[in-house]
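Participant: Sequence and predicted structure are below.
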Amino acid sequence: MAHSHPPTGTAIISARGLTQSFRTADREQTVLNGLDVDIRRGDFTAIMGPSGAGKSTLLYALAGLERPTAGIIEFDGETITDMRDDALAVFRRAHCGFVFQQHQLLERMSLIDNVIVAGALTMRSKPRITAKARELFSLVHLDERAQARTSAQVSGGEAQRTSIVRALINDPELVFADEPTGALNSHNSQAVLDVFCTLHANGQSIVMVTHDRHSALRANRVLYLRDGAIAGECTLGAWDGDEPYGEREHTLAVFLNEMGW
């Protein structure tokens with residue numbers, strides 16, 4: 001079921017006072033410290049920051065995959081922080097798509113069957129799911145021959161592009177990507193980033209955690225996380241396919257230098 005969306009530029013997620021603490025054997029570690037952030041509809045937002053800054057923790061909290069210790073998260077005006085686990089799982093399936101560093105495909109299934117299984121969670125008919133999957137595979141440039149293979153029979157980039165198709169099969173309002181190119185070589189990384197840029201150009205909202213400056217260049221908005229809070233943000237505008245060596249790269253480099261990257 002396709003969703004009816006409010007206008008581009010409105011907040012799809014608003015988080016206020018977001019705190020996440022973890023207790024170890026001898027102490028409590030606070031990763032997110034009263035963080036406030038808005039994720040706007042239609043944005044391709046990259047989250048950067050030093051190692052251990054809590055980038056993935058923030059992503060998982062915003063996506064409803066981890067419950068924060070304190071704070072409120074509203075997704076499209078609906079408070080998700082007080083939802084029961086079962087209701088939250090249904091909400092995620094209906095509104096969110098996920099792409100992780102490892103593709104997490106079922107190894108004995110074909111690529112297309114991996115996607116069909118994910119689509120079946122929304123109780124749609126198999127012919128409709130299959131047709132949608134074929135359409136999305138075309139978008140990521142994987143033909144029917146590739147779709148019939150398993151993840152062990154294709155490249156890492158092809159498997160990761162399949163995970164993007166899987167993330168999109170339920171028409172998510174927001175795609176969350178956690179280091180989606182972290183396990184890929186430069187060629188496959190570029191192919192995956194090209195897909196994200198195409199999706200963004202078509203209106204898809206995306207939040208991506210990355211440690212890679214060249215990946216962040218593809219986003220139109222970069223948030224920098226430090227000491228459990230958003231230390232700053234950089235607006236790059238939509239990617240237009242230019243080589244990442246011009247004014248866009250300079251703007252991001254200056255911003256990251258200011259942030260202490």
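Facilitator: Done, it's in.
Participant: what bits of this protein have low per-residue confidence?
Facilitator: Regions of the chain meeting the criterion pLDDT under 70 cover residues 1-8, 123, 242-245.
Participant: now the helices for it?
Facilitator: Along the chain, counting by DSSP state H, helices occupy 55-62, 85-95, 111-119, 126-139, 144-147, 156-168, 186-201, 213-216, 247-259.
Participant: Highest mean neighbour count out of those?
Facilitator: Highest mean neighbour count among these (mean count of other Cβ atoms under 10 Å): helix 156-168, with a mean of 24. For every residue, glycine as well, the C-beta is placed using N, CA and C.
Participant: That helix vs helix 126-139, what angle?
Facilitator: Orientation check (axes from the mean of the first three to the mean of the last three Cα atoms, to 10 degrees): helix 156-168 against helix 126-139 gives 130 degrees.
Participant: neighbouring contacts of helix 156-168?
Facilitator: 97-100, 103-105, 111, 114-115, 118, 133, 136-137, 139-142, 146, 151, 154, 175, 180-181, 183-185, 187-189, 191-192, 195-196, 199, 204 (Cβ atoms under 8 Å, 6 or more residues apart in numbering).
Participant: Between helix 186-201 and it, find me the angle.
Facilitator: 20 degrees.
Participant: Off-centre distance for helix 156-168?
Facilitator: 12 Å (Cα atoms, centre = their mean, to the nearest Å).
Participant: Tell me the bridge partners for the residue nearest in space to the middle of the chain.
Facilitator: The centroid of the chain falls nearest to residue 176 when counting by Cα atoms, centre = their mean (2.0 Å). As for beta bridges, residue 176 partners with residue 98, residue 207 under DSSP bridges.
Participant: I'd like the helices of the chain written out as TSV, with distance to residue 10 added.
Facilitator: Output for these, formatted as TSV (distance: least, Cβ to Cβ, whole Å):
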stretch	distance to residue 10
helix 55-62	16
helix 85-95	15
helix 111-119	28
helix 126-139	26
helix 144-147	36
helix 156-168	21
helix 186-201	16
helix 213-216	23
helix 247-259	25
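Participant: can you tell me which residues contact the spatially closest residue to residue 61 that is not a sequence neighbour?
Facilitator: Nearest non-adjacent residue to residue 61, counting by Cβ to Cβ, 6 or more residues apart in numbering: residue 68, 4.9 Å away. Residue 68 is in contact with 18-20, 32, 61, 81, counting by Cβ under 8 Å, 6+ apart.
Participant: Please identify which of the residues you listed is nearest to residue 170.
Facilitator: Ranked by distance to residue 170 (Cβ to Cβ), these are led by residue 61 at 21.1 Å.
Participant: need the contact list for residue 72.
Facilitator: For residue 72, the contact set (Cβ under 8 Å, 6+ apart) comprises 15-18, 79, 81.
Participant: Which of those are buried? Put it as a ChimeraX command.
Facilitator: The buried residues among the contacts of residue 72 can be selected in ChimeraX (16 or more other Cβ atoms under 10 Å) with this line:
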select :15,18,81
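Participant: Distance check, the closest residue to residue 74 other than its chain neighbours against residue 32.
Facilitator: What sits nearest to residue 74 in space, not counting adjacent residues and going by Cβ to Cβ, 6+ apart, is residue 14, at 4.7 Å. From residue 14 across to residue 32, the span is 15 Å (Cβ to Cβ, to the nearest Å).
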